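Asks: Have a look at this prediction, sequence included:
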Amino acid sequence: MKRLVFVAAVLILSFSLFASGAHVFRFGAGIGVDGNSNARTEIKLNIIARPFSSNVMNPFVRAEYGFGLGRGDFGLTDLTAVAGVELFRTMKNPLSFAMVNKGPWSPAVCAGISTDFNGTDIYAEVSLFRVLDKDFIYEWFTVFGVFDNFDVHSLKTWGVCLIRLTSMF
Amino acid sequence: MKKAGFVLVLLFCVVFSLCAEIGIRVGHGTIEPDFKNLGLTALAGVDIGLTKRLELNIEVMTPVVPDPFSKAVAGFEIGYSIGGNRTADNGYAGISINHVVSLGFFTVNLVPTYLTLRVTPVTVGTVAAGRRENFLPIGIAWNFRDNRIGLFMSIIVYDHYITGTWRDYV
């Protein structure tokens, strides 16, 4: 399994290197608002590195941390670190009606770890409503799940990130 | 019931014919502590321009995760742009960075419950541009049924304008 993941990562990175265009705006930082099935609302800050600019399978890594409110408590969220890929970029953007500047539609998937520093869980996310701007990433209604282990049936919590805004620089 | 429906439609027609521009409003919105333990809540509505500075926002707030639509807070706010005109004549943009003070009335599951006052410290964008982002609108909500004060807040709310934008002038 580890070998397969390693080979897949190398393949994606190699492919991205060949397919990549202009290397601008590699890093970014942003803020998101999400809620999970524990009835918590969370505000998370994120940092992202997107070293390549490929139109297909463009890889990125992201870390997220913040604070949340719910069930009578207020506190820090779990730290999330993920690696993912932007599946593609297309100017045939079904979300362009909501944008002032026309930007490409770029759905992404990612997976990684989520930790409260006592234990570690598996985190997975699908971001379908995701639009790129020259130096910005807009994401709406991103769905995520936190799993106890690699088993799909071990879903611990799920949630929706209402909005995530990331500024690239 | 028919009479009420007719009056409602008539009212909408009058308001829409008088208004300068219409936008769709989407974002985060909550009234604490009434939404406490209900998870993530979203806000949706309509933004109607009444004058160059006044706007009418008709809004619904409801939980999204984990129990979608388990509660509905609906009502309206009248907002006043204190930084300057939000629109100008002949397609010229208004003030692109503004501040809004709003007074509102809201129902909980259609039961009149709140009078609200809130301030949007920063709005970025204009009607002419087609979009406005309202950052951290925050204020108080007086629950006059239980005589309690709550916190009425959003992280961000988008206004996406359908009429009154640059598209009307090209």
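Replies: Arrived safely, thanks for sending. Numbers count the residues shown, from 1 in each chain, chains lettered A, B, ... in the order given.
Asks: CA atoms for contacts and neighbours, from now on please.
Replies: OK.
Asks: what sits against the residue of chain B found nearest chain A?
Replies: For chain B, the residue closest to chain A is residue B:39, as judged by CA to the nearest CA, at 3.6 Å. Applying CA atoms under 8 Å, 6 or more residues apart in numbering or on different chains, we find residue B:39 in contact with A:35-41, A:70, B:63-67.
Asks: What about the residue in chain A that chain B sits nearest to, how many residues nearby?
Replies: Here the residue of chain A nearest chain B is residue A:39; by CA to the nearest CA that distance is 3.6 Å. Residues within reach of residue A:39, counting by other CA atoms under 10 Å in any protein chain shown, total 23.
Asks: Residue B:135 now?
Replies: 17.
Asks: centroid residue for the chain?
Replies: Using chain A here. Nearest to the mean C-alpha position of chain A, by CA atoms, centre = their mean, lies residue A:110 at 5.7 Å.
Asks: look at chain B instead
Replies: Against the mean C-alpha coordinate of chain B, by CA atoms, centre = their mean, the closest residue is residue B:57 at 3.3 Å.
Asks: any idea which helix or strand carries it?
Replies: Counting by DSSP states H and E, the element that carries residue B:57 is strand B:54-65.
Asks: Summarise which helices and strands the helix or strand just after that strand is packed against.
Replies: With elements assigned by DSSP H and E, the helix or strand that comes after strand B:54-65 is strand B:73-81. Judged by 3 or more CA pairs under 8 Å, 6 or more residues apart in numbering or on different chains; DSSP states H and E, strand B:73-81 is in contact with strand B:54-65, strand B:97-108.
Asks: I'd like these written out as CSV, with mean pLDDT added.
Replies: Shown next, in CSV, are the helices and strands packed on strand B:73-81 (pLDDT from 0 to 100):
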stretch, mean pLDDT
strand B:54-65, 93
strand B:97-108, 96
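Asks: Nearest residue to the residue of chain B closest to chain A in space, please, no chain neighbours.
Replies: Closest residue to residue B:39 apart from its sequence neighbours, by CA to CA, 6 or more residues apart in numbering or on different chains: residue A:39 at 3.6 Å.
Asks: hang on, that neighbour packs against residue B:64?
Replies: No: counting by CA atoms under 8 Å, residue A:39 stays clear of residue B:64, with 9.8 Å between them.
Asks: who's in contact with residue 119?
Replies: All of this refers to chain A. No contacts exist for residue A:119 under CA under 8 Å, 6+ apart.
Asks: let's do chain B instead
Replies: B:99-102, B:137-139.
Asks: Mind picking out the helix or strand in the chain with the poorest mean pLDDT?
Replies: No chain in the question, so chain A it is. helix A:2-19 (a mean of 61; mean pLDDT, DSSP states H and E).
Asks: actually chain B
Replies: For chain B, counting by mean pLDDT, DSSP H and E, that's helix B:2-18 with a mean of 67.
Asks: Show me which residues of chain A sit near chain B.
Replies: A:33-41, A:70-72, A:98-100, A:159-160, A:162 (CA under 8 Å from any CA of the partner chain).
Asks: give me the low-pLDDT residue ranges for chain A?
Replies: Scanning chain A for pLDDT under 70 picks out A:1-24, A:71-72.
Asks: ok, how many other residues are close to residue B:54?
Replies: If we define neighbours as other CA under 10 Å, then residue B:54 has 18 of them.
Asks: and if you look at residue A:168?
Replies: So residue A:168, with other CA under 10 Å, has 20 neighbours.
Asks: Those residues of chain B touching chain A, which are they?
Replies: By CA under 8 Å from any CA, the residues of chain B that approach chain A are B:27-28, B:36-40, B:42, B:65-66, B:129-131, B:155, B:160.
Asks: picking that back up, surely the residue nearest to the centre of chain A and residue A:81 touch.
Replies: No: with contact defined as CA under 8 Å, residue A:110 does not reach residue A:81; the gap is 9.8 Å.
Asks: Return the per-residue confidence for residue B:69.
Replies: At residue B:69, the pLDDT value in this model is 89.
Asks: Just list whatever residues bridge to residue B:49.
Replies: In this entry, residue B:49 is beta-bridged to residue B:55, by DSSP bridges.
Asks: which one among the contacts of residue B:119 gets closest to residue B:125?
Replies: The shortest approach to residue B:125 among these belongs to residue B:99, at 11.2 Å (CA to CA).
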